[in-house]
Each structure stands twice: as C-alpha cells, then as structure tokens.
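Asker: Attaching a predicted model along with its sequence, questions to come.
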Amino acid sequence: MALALKTGRLADVPVNKIRSNPDNPRLTFRQGELEELQESIRQYGIQVPIAVFRRGSEYVLIDGERRWRCASKLNLKTVPALIQKEPAPLQNLLLMFNIHALREQWDLLTIAIKLPKIIGLLEKELGKTPTEIELSAKTGLSRGVIRRCRMLTDLPKKYQDMLLEELKKPKSKQLLSEDFFIEMEKALKTVMRAMPDVIASKDKAREVLLRKYKSGVIDNIVDFRKIAKIARAGKVDADLEQAQTAIERLVTDPTYSIKEAWEDTVSEAYAERDVVSRIEHLLEKLGEVEGGEIDEDVREKLEELVERANVILGVLK
Amino acid sequence: MSYSILGQNLHETADYSKVYFSQHYGATHFKREEALDKDLSLKPTWQATMAAGYRLCVEVRESPFSNSLFQFVTQCATRGMPVRLWVAVPHGLAAPTFNSELRQAREAGVGVVQFNEDGTAHEFHRPVPLSVFALKKTDLKVVPPTRREEIKTAESTFLDGTPDQGCQSICQALESITRSFGEFTHSEGWWRQASVGSKGINFQTTPWARVLEEMEKRIDVGKVKSRSPSFSKQAVVKVRGHTDWRNAVSHKPKTLKELQQRDARLRTMFESTRDILIEWYTICKSLKLI
C-alpha cells in the first residue's frame, strides 16, 4: 500500500468547518503548550498549512490539530490547509503515526492505545498478524518503541486511566510517567520469570510499588532495574534465599526500599563481579599486545598497579 | 463537559468555573468556546448572561494574563463592550510570572479567580466592565487632598460595574459644591439684585438648574475674581450643561446594545463632570470653601 496521498490542493478553509480526527492518537493537549503556540499564531499567523481531507461539507484533520485549536481560539475565520483525498481507515491511522510520532514528542501511552487498532487493520490487510519489523516499517516507530508501547497496552485498564489523567497535567507537575510503569513492569516480569513463586499477585505488587513511589520510599524509577538484578542473584552467586525474602518484602512491606533490598542482598556480589569483569577486560586488552610493544612508562604503571593489588590482597588475607 | 479547544488539563477548572459563576453571580445561558463578536480576537472558554445585563466572559488558563488577553481587552474597551472578563486558573500551576501577570490582569480590568482541587475558589480581584474601562483615570495630584476620597470613591463605584451610581456621586459632588459657592457668594453680596417679581432662592432646596440660572445672570464676576482668580462665567455655564444628570442615569437599559450605548454616554459624562468638578475645587479653595 502506498502511504503517500496525492499532493493536495492548498486553500483557505473555514475554521468552523474543520473537525478533529477521531483516529488521532494524540489524546492529550496541554494548555500551556497550546497557549505558547497561540501567542505565536497571534503574532505571525499560521505559517505552515494544516492538512485535511474533505468529508461532505466538512474537513477532517490529518495534521495540525494544535494549530487548528489555536486558530479557533483566536477566532480566525480561515486557516491555510492542504486538502487531501480522504484516506482509507488504515491509511488514515498510519499517516497520523508517520506524520506525528516521528516529528513530535508524543506521549507514548497515546500511541500505545492506538496500536492495537493498527495491528487489527494490518491483520486484515496482510491476512496474518504483522511482525514487529512489519509494524515498525508501517508506523515509522522503532521496534524498541513498539515493545514499550506493548508494555503499556498490557497494563490493566485502571493503570492506563491513571496514567492518562497524569499526562493531562503539565510535564512539570506529572508524578507518574510511562517510564515509571515500563520500568516497573520490566522488573516484575524478570522477577516472575526468575523466581516464579515469589509474587503471588502481580496486581498487589504493583499497588505496593506504586504507593512506595508516591510516598517517596522509591525515589528513582531506574532503581526498578535493581529489583531485576536481585531476582537474578544466582548469576552472581549471591544467596538466593536471601534475595527471595527481600523481593517478597519489597512487594509487601510499604516502608522497605529498593536501596535497602539491594544492600541486604546482592550489592557486594555485583560490586565484586564488576571489579573482576573490569580486571578481566583489562587483562584481555593487555593480552592483545606483544610483550615487547609495551611502552616503558605503561610497564612501570602496570607494575605499580600489581604492587598495589598485592598490598590490598595481603591486607585482605 | 467536553471542550474542543481547551487543553485537557484545564477541563476540571472550566467545569468548576461554570458552577461557581452560576451559583455566586447568578450567571445564566452559558455558551462554551464561542466568539462574543465576529471581530473579537478571542473565544472565551465561557460566556454567560449576568443579572445586571453585562456579559460574563470566563477565560480558563494556566496563568492570569497574556498578550492575547490584553488584545481582547483593548478591543472590548475601544468598542465599549459591556463585558466582565474573568480569568479562571487552577491551583498549583503557579508560573514564575504569576504575580506579575496577576498585576497586569488587575491593571487591565480583568478579574482573576483560582480554583482548588475540590472546586472551592479564591478571588484575587474582580473585573471592571470593559465598556467603562476606557474611562480616563483621575489625576489625583490636581485634586485637593480633602476631596480625593470623594473622587476616588465615585471612580471606583463607576468602575465597579455601577457607572450610573458613579456618575450620580460625581454629579452630586458638583451640585453640592456649586450650591455652597452660590450661598457663600450671595451672602457676601457678590450677586446683583434680583429682578422685580422674581422668586427668592433657597440654596439648599431650589432646583439646581434655577440656582445656576440665577447665578449666571446675577453674579458679579469681578468681585468673585478678586478673591478667586480662576472663576469665570464660563465655569457656571459649563455646570449648567450637567443639571439633567438624574435623567441621564435613571434610564435602565433593556438590551445589551442599550447598555453599551449607556455606558459610553456615562463614561463621557463622568469624565466631563469630574473635570468641571476639579475646576470648581480650585475656585472654591481660594474662597476657603473646601
């Protein structure tokens, strides 16, 4: 299917004849951003035409909902618009994704919510479920973004609604973000795979973690990655039973922080692994160099480091 | 409630504002996101009718003022639109410019109300009807200190949305000062004899128009000028043009257009009466009447 529409006709279209596109994945328009654009349009007018298609006596937006809203607010009579041919439903959705998702910083959730519809329409067209690569090619979204979207669409509806409410606030006032849920979901997924018996109810675990985040017990969403590392304690030869108990506490005890769980379980083991891995990496690099090629200064430095390491090991003994 | 222009983060504030202005100001016939006039450059979030005949406009925003609003205010004021414009802001979105915008809004005659999360409201200040907002403000430096309160009260009554009462106050002040002037100059013997058969004057009860008519005919300008150099017969003539003020302020406008016309008329009346009153302050000050 060719995505591009035939180049349309440019015309001044009456603002009151334009309707928003029900398939626009963008669901939230924050007032602060609209007001900034409004001021710009008030001073300089609309410099870039919006894109619409004609339906009966009205026009439906393809591109430019914010410009259209501002024009309407400023009581402008017409806006410059590129009038396109009405696209098919799938083409309409894909156009929106390609126009908007690539150009503007959309809220991920709003894209995620529309994704199942696109998948459904593509299934009809292709006769099979589209692969991630096909979906990426059609929508213009990277595979990473698609995977993140799927995590959001897999969330129970109450969390999607909670997030949608949060997204209506100005960025500076938002407490919860898509990243919070994505990081939490990734962590819970890892825990459930590595320690299937630890979390009895995923929903209860979410509730507890959400409460902790709101109360500040968890103060950084990146800390969720530490939960995943605790769940994989076996990989660094840490005490599995201790790790299991810590995760159980994490998803039940409202005051127990991820940092505490980390310190109580795998902190040292990961630190050790990190040291060993760095030394191995260094030795590997050194191994690539012929003995005679090592510069005198470097040799001296290395010998000094070996001495220092011996002292440390001596103390440790 | 669904809004086609307003950003989602302010829908709740917009809903609260409708309830608030309906309950606290008796506003009715609300219209959402519609133009007040085809030539005005802003569609307020709400517009409604108020009991006093003024049009209520509520603009829901994140902060109290903007250049778009200033343009709208200027357009309404120059057209004498009988509009009271409020800005409704949500609680907790205080921009660094909040206080300066609040001041700008007050200076432009725009009221500001802030809604808390539970729908309760805090009014920072109330709006001035934009039809009277173009009133030329009094330069208080030229008003004697003892009379500043009188003028300021009349002016705030005018701007507060009751221009008829503001005009009434300023006209009463002019009437009172000219009657006192008449009584004093008459008692000083600076009036010529009345023509035979004419009725006497009681400076407190005789109709003001007649007092002024007699004053113009009989006052000895030279004698008054010797004590109050700024006096002239023209000062009396000017006041005579204002004696039917009761008539001018008593007609209640029935339509928005009539209200607009009346406010424009009252604005001119207030300004000219006040300017004459200030001239009379100077005249009477020399005579130690104020």
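Answerer: Arrived safely, thanks for sending. Residues are numbered from 1 along each chain as shown, chains lettered A, B, ... in the order given.

Asker: Show me what the helix or strand hosting A:Asp179 is packed up against.
Answerer: For A:Asp179, the host element (DSSP states H and E) is helix A:178-194. Judged by 3 or more C-beta pairs under 8 Å, 6 or more residues apart in numbering or on different chains; DSSP states H and E, the packing partners of helix A:178-194 are helix A:143-153, helix A:157-167, helix A:202-215, helix A:224-231. Where C-beta positions appear, they are placed from N, C-alpha and C, glycine not excepted.

Asker: what helices or strands is the longest one leaning on?
Answerer: Okay, so that is helix A:202-215. When contacts are defined as 3+ C-beta pairs under 8 Å, 6+ apart, helix A:202-215 packs onto helix A:178-194.

Asker: The first one too?
Answerer: Contact analysis of helix A:143-153 by 3+ C-beta pairs under 8 Å, 6+ apart lists helix A:108-126, helix A:132-139, helix A:157-167, helix A:178-194 as its packing neighbours.

Asker: So in chain B, where's the weakest helix or strand by average pLDDT?
Answerer: The weakest-scoring helix or strand in chain B, judged by mean pLDDT, DSSP states H and E, is helix B:245-250 (a mean of 74).

Asker: Show the pLDDT at the residue of chain A found nearest chain B.
Answerer: Going by C-beta to the nearest C-beta, chain B is nearest to A:Gln31 of chain A, at 3.2 Å. We have a pLDDT of 87 for A:Gln31.

Asker: What sits closest to it if chain neighbours are left out?
Answerer: If the residues on either side of it in the chain are set aside, A:Gln31 comes closest to B:Gly7, at 3.2 Å by C-beta to C-beta, 6 or more residues apart in numbering or on different chains.

Asker: thinking the one you found is in contact with A:Arg30, fair?
Answerer: Yes: between B:Gly7 and A:Arg30 there is a contact under C-beta atoms under 8 Å: 5.0 Å.

Asker: residues contacting the residue of chain A closest to chain B?
Answerer: A:Pro170, B:Leu6, B:Gly7, B:Asn9, B:Leu10, B:Val60, B:Arg61, B:Glu62 (C-beta atoms under 8 Å, 6 or more residues apart in numbering or on different chains).

Asker: Around chain B, pick out the residues from the stretch 1-150 of chain A.
Answerer: A:20, A:27-35, A:38-39, A:42, A:69, A:72-75 (C-beta under 8 Å from any C-beta of the partner chain).

Asker: can we see that at 7 Å?
Answerer: Residues of the stretch 1-150 of chain A lying near chain B by C-beta under 7 Å from any C-beta of the partner chain: A:28-32, A:34-35, A:38-39, A:42, A:69, A:72-75.

Asker: what's the offset of the helix or strand encompassing B:Glu183 from the middle of its chain?
Answerer: Element membership of B:Glu183, judged by DSSP H and E, is helix B:163-187. Centre-to-centre, helix B:163-187 and its host chain are 18 Å apart (C-alpha atoms, centre = their mean, to the nearest Å).

Asker: in the stretch 51-200 of chain B, which spans are helices?
Answerer: Counting by DSSP state H, counting those that start in this stretch, one finds helices in the stretch 51-200 of chain B at the ranges B:67-79, B:98-107, B:130-133, B:145-159, B:163-187.

Asker: for the last one, packing partners?
Answerer: The one in question is helix B:163-187. Counting contacts by 3 or more C-beta pairs under 7 Å, 6 or more residues apart in numbering or on different chains; DSSP states H and E, helix B:163-187 packs against helix B:145-159, helix B:208-218, helix B:245-250, helix B:256-286.

Asker: To what extent is the closest residue to chain A within chain B buried, counted in neighbours?
Answerer: Minimum separation of chain B from chain A (C-beta to the nearest C-beta) falls at B:Gly7, amounting to 3.2 Å. Neighbour count of B:Gly7, defined by other C-beta atoms under 10 Å in any protein chain shown: 22.

Asker: wouldn't it be in contact with A:Glu35 here?
Answerer: No: applying C-beta atoms under 7 Å as the test, B:Gly7 and A:Glu35 come out as separate, 8.4 Å apart.

Asker: Give me the distance between A:Val208 and A:Thr252.
Answerer: A:Val208 is 6 Å from A:Thr252, where distance means C-beta to C-beta, to the nearest Å.

Asker: what about those two, which has more around it?
Answerer: Higher neighbour count among A:Val208 and A:Thr252: A:Val208, with 18 against 13, using other C-beta under 10 Å.
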